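Undergrad: My questions concern the predicted model and sequence given below.
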Amino acid sequence: MIKIIELIPLGFELTERLESYRVEDSYIDMRGKRLGPLKTEEVRLVLKSKVRGTFALKPTILYLDENGKHKSHEPEPINIKVKELGIKGWLKGERWPTG
């Protein structure tokens with residue numbers, strides 16, 4: 001594996017450093033990680049959103065096949081919905097009804 005691109009959506013920032021890989025801009029340098037047939041590699045990200053909305057996480061994995069040819073793979077996208085944190089109306093200064 002060469003790198004994973006377009007992993008961090010626009011408007012998000014990585015809040016925890018990855019242990020095994022280096023993050024540059026919006027891609028992860030996989031440092032030539034080798035995977036055997038039917039093997040997987042898990043990459044966990046902790047992201048912080050700067051904006052609200054629905055976002056598609058659509059990474060592209062760049063790798064070399066067994067013949068040394070450059071290849072890519074695009075897994076199914078994952079949708080992330082970012083909402084306002086808090087009790088409805090509380091952050092906007094509305095008051096609770098009394099009585």
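TA: Received the coordinates, thanks. Numbers count the residues shown, from 1 in each chain.

Undergrad: What is the neighbour count of the closest residue to residue 30 other than its chain neighbours?
TA: In this structure, residue 30 finds its nearest non-sequential neighbour in residue 1, 4.0 Å apart by C-beta to C-beta, 6 or more residues apart in numbering. Using the backbone N, CA and C atoms, a C-beta is placed for each residue, glycine as well. Burial measure for residue 1: 19 neighbouring residues, criterion other C-beta atoms under 10 Å.

Undergrad: ok, residue 1 touching residue 29?
TA: No. Assessed by C-beta atoms under 8 Å, residue 1 is found out of contact with residue 29, at 9.7 Å.

Undergrad: Give me the distance between residue 55 and residue 8.
TA: 10 Å (C-beta to C-beta, to the nearest Å).

Undergrad: what's the closest non-adjacent residue to residue 56?
TA: residue 77 (4.6 Å).

Undergrad: OK, contacts around that neighbour?
TA: Residue 77 makes contact with 56, 57, 58, according to C-beta atoms under 8 Å, 6 or more residues apart in numbering.

Undergrad: any idea how far residue 7 is from it?
TA: Note on residue 77: its distance to residue 7, by C-beta to C-beta, is 12 Å.

Undergrad: list the residues that contact both of those two?
TA: Common neighbours of residue 77 and residue 7 (C-beta under 8 Å, 6+ apart) are residue 57.

Undergrad: What count of nearby residues applies to residue 80?
TA: 14.

Undergrad: Oops, could you answer that again for residue 60 instead?
TA: 14.

Undergrad: where in the protein is pLDDT low?
TA: 85-99 (pLDDT under 70).

Undergrad: Now with 90, please.
TA: 7-14, 16-27, 31-32, 35-52, 56-57, 65-66, 80, 82-99 (pLDDT under 90).

Undergrad: for this protein, what spans make up the strands?
TA: Applying DSSP state E to the chain gives strands spanning 3-5, 12-14, 22-24, 27-29, 47-49, 53-57, 60-64, 70-73, 78-82.

Undergrad: coming back round to it: most neighbours among the contacts of residue 77, which one?
TA: Busiest of these [other C-beta under 10 Å] is residue 57, holding 17 neighbours.

Undergrad: residues in contact with it?
TA: Residue 57 makes contacts with 7, 9, 77, 78, 79, 80, as judged by C-beta under 8 Å, 6+ apart.
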